[in-house]
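Trainee: 3D model of this:
(2 chains)
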Amino acid sequence: MTNTANIVFQQALETALGITEALGTALGNEIVLVRDLRGRIRPVLPTKKKKDWPELDKYRSDLSAQLGAYAFDAARSVLFRDELTEPDVVLSERRLLKQRNGLSIYLLDRQIIGQDWMRDALQRTTTNPRVTFFGLKGGVGRSTALVNWAWHLAEQGKKVLVFDLDLESPGISSSLLPPDRLPDYGVVDWFVEDGVGQAHVVEGELLVRSPLAQGLDGEISVIPAYGARTEDYLPKLARCYAEFSGDQPESWAERLQKFVERMEKQYAPDVVILDSRAGLHDIAAVLATRMEAVTLLFAIDTPQTWRGYELLFKHWRSHPHLTTFRTNLQVIAGMVPDTGRDAYLQGFKEHAWDIFRDNLYDVTGPDDLDTFSFDLDDESAPHAPVPIFWHRALMEFDPSKGGIDRKTAEEAFSLFFEQADRLLATTDQD
Amino acid sequence: MLDYADATRRHWDDGLFLLEDRRLANADHLFGLAAECALKAVMLPLGMKLRPSGAPEDKRHGHIDRLWDEFGAFVSSRGGARYGALLSAYQNPFAGSWKVDQRYDSRSGFTLAGVASHRDGAQTAKRCLDAAVLDGVIA
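Mentor: Sure, this is the predicted structure:
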């Protein structure tokens, strides 16, 4: 028997599940375990049928006694469906945990930040391709790759629009814009003003052309995280993720989609590049799972990197729309060392394959067709690393002094550009 | 014993019962009280202070015709913006059309449309209550 004084977050759910399973159908056929904002568990039961109900009393006291700090008092340790105004609406986001002997047990996870990324792709009316640059950590060459690919696209005559959505550590803007070229406002201003229903006030002052693309056939425009007149960055950042727009409740993902789409309509870009917030957080994951974007997953071959991605992929494994967005994923090997490249990339590929195979690929037999599954050495696989080679010149790269020299770009990025261009062409056709 | 959540339920259930029988005046009265109790049930665990008598300390936290508009500001400053957002999408349906003193009024002044709008308002307030219960803000 576990000492209830030591029950921690994940044990609470396991324990509640165990107690509930042991009930069988004594209290009904469907029980929803609600995990509240702090992680406490309280089941919602079907309508109460009897006044004296020993099974119910036992269930209540078991929950209260065994969940430790994650329990409610016995008197309030369960809810009934008919206590809720619209049970079908509020319970609709439950997901099935277990089904056995006629009893279905669900989880409804109430979180402080909504589980936006678990939902379906957002509707959009614009058709330009979007590419998300995603990384778990900084320092893997994500920003440099983004800047250089944007430049490469502009060189081909494309209109590129870059959003700096790494609001916690904005960086892309400073690589693409010298401080005296910032627009008046940035992403945080849009979210704050949209919160009071007047995003239009700043919408015309968010976007500015990067001087980096001067002299090229195309152009690069940037929407930075903050602008020259943003001022209170931190107080604004703290309000950015609110889930309302004006007087309407609206999820952060929907607000982001609205923002990106409105700017796309204003600017009509050929390509949109979204620089994602680094990390596992919900907000970063929205960009990979709901924006219909090709997602480049930047990584370096270290155990910490793969453990991080494994956590994320494990979570994605149960995503209801996994089959839609997993085809858009591509691993990028950032900063591949200049010695022992082949051995490095081989190790990288094996580690990437392990977590893709275990979490995102289908399990198949040898004759299965149309499944999402790849061999270790399949070069078209999402896990097959597209390398960006470490280059001394990249460390010294100063965008304010113009584009990168052709020789360095060729050496460091040729394979990356090739693959990124190919992915772009594929989405453009869709 | 003070129990805003339980009081919400009885006012709501009884309001529906009376409305079914077209007893509009008291149905209307109860929907206003149900909405008030639902919002106060959310405000109490977020820090609404009460006097020893049980009435809220802040005079703005009285009946629903005024409380509805105060709710958003109060909960938003106490980590409950998500509940405020559920309500702020709607114009206060009680302002100018519901007063607790109407309990002294003649039955002739109540219309089905008016009562239905107060029922919908109470339902919206109950949605905030549900959200706070599921979140564990209300035990």
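Trainee: Number of residues surrounding B:Ala81?
Mentor: Residues lying near B:Ala81 (other CB atoms under 10 Å in any protein chain shown) number 19. (Each C-beta comes from the backbone N, C-alpha and C, glycine too.)
Trainee: and if you look at A:Leu234?
Mentor: Using other CB under 10 Å, the number of residues around A:Leu234 comes to 8.
Trainee: which SSE is it in?
Mentor: A:Leu234 is part of helix A:233-240 when elements are defined by DSSP states H and E.
Trainee: repeat for A:Asp342
Mentor: Going by DSSP H and E, A:Asp342 is part of helix A:341-359.
Trainee: buried residues in the helix holding A:Leu234?
Mentor: Within helix A:233-240, the residues that qualify as buried by neighbour count (16 or more other CB atoms under 10 Å in any protein chain shown) are A:236-237, A:240.
Trainee: Show me where chain B has its strands.
Mentor: Taking DSSP state E as the test, none of chain B falls into strands.
Trainee: Just give me the residue closest to the centre of it.
Mentor: B:Ala35 (1.7 Å; CA atoms, centre = their mean).
Trainee: What residues does the residue in chain A that chain B sits nearest to make contact with?
Mentor: Evaluated by CB to the nearest CB, chain A has A:Asp36 as its residue closest to chain B, separated by 2.7 Å. By CB atoms under 8 Å, 6 or more residues apart in numbering or on different chains, the contact list for A:Asp36 reads A:42, A:110, B:134-137.
Trainee: And the pLDDT at A:Gln11?
Mentor: We note a pLDDT of 88 for A:Gln11 in this prediction.
Trainee: my bad, should have said A:Asp184
Mentor: Note on A:Asp184: pLDDT of 94.
Trainee: List the contacts of residue 72.
Mentor: The chain I'm using is chain A. Taking CB under 8 Å, 6+ apart, we find A:Phe72 in contact with A:40, A:42, A:63-64, B:136, B:139.
Trainee: meant chain B actually
Mentor: B:Gly72 makes contact with B:84, B:87-88, according to CB under 8 Å, 6+ apart.
Trainee: Tell me the most packed of those residues, by neighbour count.
Mentor: For the contacts of B:Gly72, neighbours tallied by other CB under 10 Å; top is B:Leu87, 24 neighbours.
Trainee: And the residue of chain B closest to chain A?
Mentor: For chain B, CB to the nearest CB, closest residue to chain A: B:Gly136, 2.7 Å.
Trainee: and that residue, what does it touch?
Mentor: Applying CB under 8 Å, 6+ apart, the residues near B:Gly136 are A:36-38, A:40, A:42, A:72, A:110.
Trainee: related to what we said a few turns ago, the helix holding A:Asp342: what's the following helix or strand?
Mentor: Note on helix A:341-359: by DSSP H and E, the next helix or strand toward the C-terminus is strand A:386-389.
Trainee: strands paired with that following strand, and their directions?
Mentor: strand A:329-336 (parallel) (DSSP bridges).
Trainee: Let me know the average pLDDT across stretch B:97-105.
Mentor: The average pLDDT for stretch B:97-105 rounds to 95.
Trainee: need the contact list for A:Gln257.
Mentor: Each residue near A:Gln257 by CB under 8 Å, 6+ apart is listed here: A:122-124, A:290-291.
Trainee: Which one (most neighbours) among those?
Mentor: Neighbour counts for the contacts of A:Gln257 (other CB under 10 Å) peak at A:Met291, which has 26 neighbours.
Trainee: Pretty sure it sits against A:Val131.
Mentor: No. Using CB atoms under 8 Å, A:Met291 is not in contact with A:Val131, being 9.9 Å away.
Trainee: Overlap in contacts, the two.
Mentor: Common neighbours of A:Met291 and A:Val131 (criterion: CB under 8 Å, 6+ apart): A:Leu274.
Trainee: on that earlier part again, which pair in the contacts of A:Gln257 spans the largest distance?
Mentor: Maximum pairwise distance among these (CB to CB): 11.4 Å, between A:Gln123 and A:Met291.
Trainee: that older thread, just the buried members of the contacts of B:Gly136?
Mentor: A:36-37, A:40, A:42, A:72, A:110.
Trainee: Dump those residues to JSON lines, plus pLDDT.
Mentor: Shown next, in JSON lines, are the buried ones among the contacts of B:Gly136 (pLDDT from 0 to 100):
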{"residue": "A:Asp36", "pLDDT": "90"}
{"residue": "A:Leu37", "pLDDT": "85"}
{"residue": "A:Arg40", "pLDDT": "91"}
{"residue": "A:Arg42", "pLDDT": "96"}
{"residue": "A:Phe72", "pLDDT": "91"}
{"residue": "A:Arg110", "pLDDT": "87"}
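Trainee: Which ones among these lie within helices?
Mentor: Among these, the subset assigned to helices under DSSP state H is empty.
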